[in-house]
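Novice: Just need the structure, nothing else, for what follows:
(one chain, ligands or ions: 1)
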Amino acid sequence: MRLVLLGAPGSGKGTQAKLLASEFGLLHVAPGDIFRSEIRAGTELGRLVEGILARGELVDDETCIRVIDTRLVSEEAKQGFVLDGFPRTIGQAEALDRILSGRGESLDLAVALEVDEDAILRRALSRRVCSRCGKPYNLAMQPPKVAGKCDDCGGDLVTRKDDQESTVKERLAVYREFTEPLTSYYAEKGILESVSGEGEVNEVFLRIKESLRKRNLLE
Ligand code: AMP
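Specialist: Okay, the predicted model is just below:
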């Protein structure tokens, strides 16, 4: 199964992508996670993108496409994948189509998670991530067992620089301008399913599975 998850920043894409990856044995590819881990490791790529992420702007298409291309040629991607946060522009969507068709493959489905903007702002402001391993938490919906500490590695939980209110607003504006048009792009190809991203994590996951079933992607 080859999936793309679309949705505004804070719509819950990352959480749902992880659930899909673990239930269906898919490779989870999230350029935002890759960039943050490169920043933590202080690599050349990390230094290149650090300011861009902090401002809530988009990393250039060429860099993103290169990062995705290397992941999609890996052996693990053969079982299928779920892309979370890519594509974010029409240029990236076209590049993805070219990469896949070069291998005789294509996307099965783009799932768009719909969440209203006020809810997104509230979610982003209560989001925390582990400063050591990057695991995400939400103080309202998925709090850690011990306040301020990661359940998995005990690292300190911090607010992502790009989850400050002004940056979230900038990221929403960037989303509306560059990423929202992708829903029409995939609708025209006949591979778009829109799903409400409101409510509990498991409810949303069930809705996504229902849309996969509708498209005959599940047994
Ligand atoms: P995310 O974790 O998906 O919210 O991504 C965090 C940040 O990484 C975004 O605000 C962008 O600065 C950058 N980023 C992630 N994916 C992309 C992409 N496909 N195109 C451009 N920038 C991206």
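Novice: can you pull the pLDDT of residue 49?
Specialist: At residue 49, the pLDDT value in this model is 98.
Novice: quick one: buried residues of the strand or helix carrying it?
Specialist: Using DSSP states H and E, residue 49 maps to helix 44-55. Using 16 or more other C-beta atoms under 10 Å as the test for burial, helix 44-55 gives 45-46, 49-50, 53. No exception for glycine: its C-beta is placed from N, CA and C like everyone else's.
Novice: tell me the contacts of the nearest residue to residue 116 once chain neighbours are set aside?
Specialist: Leaving aside its chain neighbours, residue 116 sits nearest to residue 198 (7.5 Å; criterion: C-beta to C-beta, 6 or more residues apart in numbering). By C-beta atoms under 8 Å, 6 or more residues apart in numbering, the contact set of residue 198 is 114-116, 119, 204.
Novice: in what helix or strand does the closest residue to the ligand within the chain lie?
Specialist: Closest contact between the chain and the ligand, by C-beta to the nearest ligand atom, is at residue 32 (2.1 Å). Secondary structure from DSSP H and E places residue 32 in helix 31-41.
Novice: do the helix holding residue 49 and the ligand meet at all?
Specialist: Yes - counting by C-beta under 6 Å from any ligand atom, the ligand is contacted by helix 44-55 at 52-53.
Novice: Give me the helices and strands touching that helix, please.
Specialist: With contacts defined as 3 or more C-beta pairs under 8 Å, 6 or more residues apart in numbering; DSSP states H and E, the packing partners of helix 44-55 are helix 31-41, helix 61-72, helix 165-174.
Novice: Now do it against helix 61-72: the angle between them, please.
Specialist: 120 degrees (axes from the mean of the first three to the mean of the last three C-alpha atoms, to 10 degrees).
Novice: now the angle from helix 44-55 to helix 31-41?
Specialist: 110 degrees.
Novice: Residue 61 and residue 94 touch, don't they?
Specialist: No - using C-beta atoms under 8 Å, residue 61 makes no contact with residue 94, being 9.5 Å away.
Novice: can you give me the strands for the protein?
Specialist: With DSSP state E as the criterion, the chain has strands at 2-6, 27-29, 81-84, 109-114, 127-130, 136-138, 157-158, 192-196.
Novice: and of the ones you listed, who's closest to residue 71?
Specialist: Residue 71 lies closest, by C-beta to C-beta, to one member of the strands of the chain: strand 27-29, at 4.7 Å.
Novice: average model confidence for the helix holding residue 32?
Specialist: Helix 31-41 comes out at a mean pLDDT of 95.
Novice: So which bits of that helix are buried?
Specialist: Under 16+ other C-beta under 10 Å, the buried positions of helix 31-41 are 31-36, 38-39.
Novice: mind listing what's buried in stretch 137-154?
Specialist: 137-138, 144, 150.
Novice: quick revisit: please convert the helices and strands packed on helix 44-55 to a markdown table, extending it with distance to residue 3.
Specialist: Output for the helices and strands packed on helix 44-55, formatted as a markdown table (distance: least, C-beta to C-beta, whole Å):
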| stretch | distance to residue 3 |
| --- | --- |
| helix 31-41 | 15 |
| helix 61-72 | 13 |
| helix 165-174 | 22 |
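Novice: which residue packs closest to residue 142, ignoring adjacent ones?
Specialist: Closest to residue 142 by C-beta to C-beta, 6+ apart is residue 201, at 7.3 Å.
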